[in-house]
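In: requesting a structural model of the entry that follows:
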Amino acid sequence: MKFIDLFAGIGGFHLGMEQAGHGGIVMAKLGRNELYTIAGVNQHAEFEKFISDLLFKPKERNDFYKKILAINSNVSTDTFREYFEEYAAERKSQQQDFTPDSVSELLAKITRNDNSSESGWSGYDPTAGTGSLIIKKWNDDRLAETPFSYAPHNYLYMVEEFGDNVIPYLLHNIAIRGMNCVVIHGDTLERNIKQIYFVQNSQDDYMKFSDINVMPHTDKVKEKFNVSNWSEKAIEHVESDKVTYIPALPMHRKHITENRCPGRL
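Out: So this is what the prediction gives:
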């Protein structure tokens with residue numbers, strides 16, 4: 001297996017070199033039975049409590065991620081989507097449904113920009129769910145680079161999600177990929193916000209997982225993210241006490257050019 005194939009196939013690349021010695025990328029089924037075995041639980045309610053309790057426990061959380069990747073190391077698609085669709089989605093009460101992968105991939109490609117985004121954000125999803133769209137955007141961004149030009153510090157995403165039951169899945173989906181992402185938990189339109197999380201790859205290493213930090217409920221944060229009202233008590237939790245910057249080659253990513261038919265305006 002070529003090194004570039006490892007880069008293309010293993011999303012945050014966390015077990016890449018190890019898996020290369022065992023026949024390549026692991027693509028086994030990661031369903032209810034596998035997740036319950038990893039978590040040591042037997043029921044859906046127990047599993048949701050398990051992943052919620054893990055959010056602010058870095059060591060246990062990273063061990064959980066490693067066990068997931070040992071079963072299926074392809075994180076170019078939503079890790080928890082199959083499970084969430086079947087057992088946790090509130091389709092009737094919250095209209096929770098999912099964008100097909102083909103549509104997500106198309107959106108990621110046509111929204112690919114160059115290296116000078118004026119907004120400062122690499123991607124944004126105001127109704128993120130478990131993260132399917134933003135994961136495809138992240139996947140397209142990293143595959144537009146080489147293993148030597150891709151660096152997590154060059155990419156910062158933002159997502160928003162209203163559903164309380166979805167937030168743990170969304171945070172884990174982002175952290176397992178080593179992404180840098182602001183996650184806003186609250187009402188996108190009314191701006192009544194519960195918490196704002198900063199998931200950060202503090203080691204600036206695409207072979208590492210991200211930390212999960214919670215932003216304080218300060219006036220500065222409130223203004224930055226256009227918060228009308230804090231609807232939940234602030235959570236004090238910071239993991240990224242030190243942040244590393246690793247230089248990389250210049251970014252290669254370019255925006256998609258329009259291929260017009262000859263003779264047309």
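In: any weak-confidence spans in the stretch 151-265 of the chain?
Out: For the stretch 151-265 of the chain, applying pLDDT under 70 flags the ranges 248-265.
In: mind listing the strands for it?
Out: In the stretch 151-265 of the chain, strands defined by DSSP state E, counting those that start in this stretch lie at 157-161, 181-186, 192-200, 211-214, 229-230, listed in chain order.
In: in CSV, list those strands along with mean neighbour count.
Out: From N, CA and C alone the C-beta is placed, and that goes for glycine too. Shown next, in CSV, are the strands of the stretch 151-265 of the chain (neighbours: other C-beta atoms under 10 Å):
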stretch, mean neighbour count
strand 157-161, 23
strand 181-186, 24
strand 192-200, 21
strand 211-214, 21
strand 229-230, 14
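In: now distance to residue 130 too, for those strands, in TSV please.
Out: Rendered in TSV, the data for these read as follows (distance: least, C-beta to C-beta, whole Å):
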stretch	distance to residue 130
strand 157-161	9
strand 181-186	12
strand 192-200	14
strand 211-214	16
strand 229-230	24
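In: tell me which of those strands lies nearest to residue 41.
Out: Ranking these by proximity to residue 41 (C-beta to C-beta) places strand 211-214 first, at 21.1 Å.
In: same for that closest one, what does it pack against?
Out: With contacts taken as 3 or more C-beta pairs under 8 Å, 6 or more residues apart in numbering; DSSP states H and E, strand 211-214 sits against helix 58-71, helix 167-175, strand 192-200.
In: so which bits of stretch 62-72 are buried?
Out: Along stretch 62-72, these residues count as buried under the neighbour rule (16 or more other C-beta atoms under 10 Å): 62, 64-65, 68-72.
In: ok, stretch 27-37 next?
Out: For stretch 27-37, the buried set under the neighbour-count rule, 16+ other C-beta under 10 Å, comprises 30, 34-36.
In: can you list contacts of that stretch?
Out: 42, 47, 68, 71-74, 79-80, 82-83, 86-87 (C-beta atoms under 8 Å, 6 or more residues apart in numbering).
In: can you do 10 Å?
Out: 9, 38, 41-44, 46-47, 50-51, 64, 67-74, 79-80, 82-83, 86-87 (C-beta atoms under 10 Å, 6 or more residues apart in numbering).
In: pull out the buried members of those.
Out: Once neighbours are counted (16+ other C-beta under 10 Å), the buried part of those comes down to 9, 38, 41, 47, 50-51, 64, 68-73, 79-80, 83.
In: isn't residue 61 up against residue 67?
Out: No - with contact defined as C-beta atoms under 10 Å, residue 61 does not reach residue 67; the gap is 11.0 Å.
In: picking up where we left off before, can you list the buried residues of stretch 27-37 in TSV and add pLDDT, distance to residue 154 and secondary structure?
Out: As requested, the buried residues of stretch 27-37 are arranged in TSV below (pLDDT from 0 to 100; distance: C-beta to C-beta, whole Å; DSSP: H, G, I helix; E, B strand; the rest coil):
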residue	pLDDT	distance to residue 154	secondary structure
30	87	29	coil
34	94	33	helix
35	95	32	helix
36	96	37	helix
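In: which one of the residues you listed is nearest residue 184?
Out: Nearest to residue 184, judged by C-beta to C-beta, of the buried residues of stretch 27-37 is residue 35 at 26.2 Å.
In: just want to check the distance between residue 133 and residue 123.
Out: When C-beta to C-beta, to the nearest Å is the yardstick, residue 133 and residue 123 sit 8 Å from each other.
In: pick out whichever of those two has more residues nearby.
Out: Between residue 133 and residue 123, counting by other C-beta atoms under 10 Å, residue 123 is the more crowded of the two (26 against 23).
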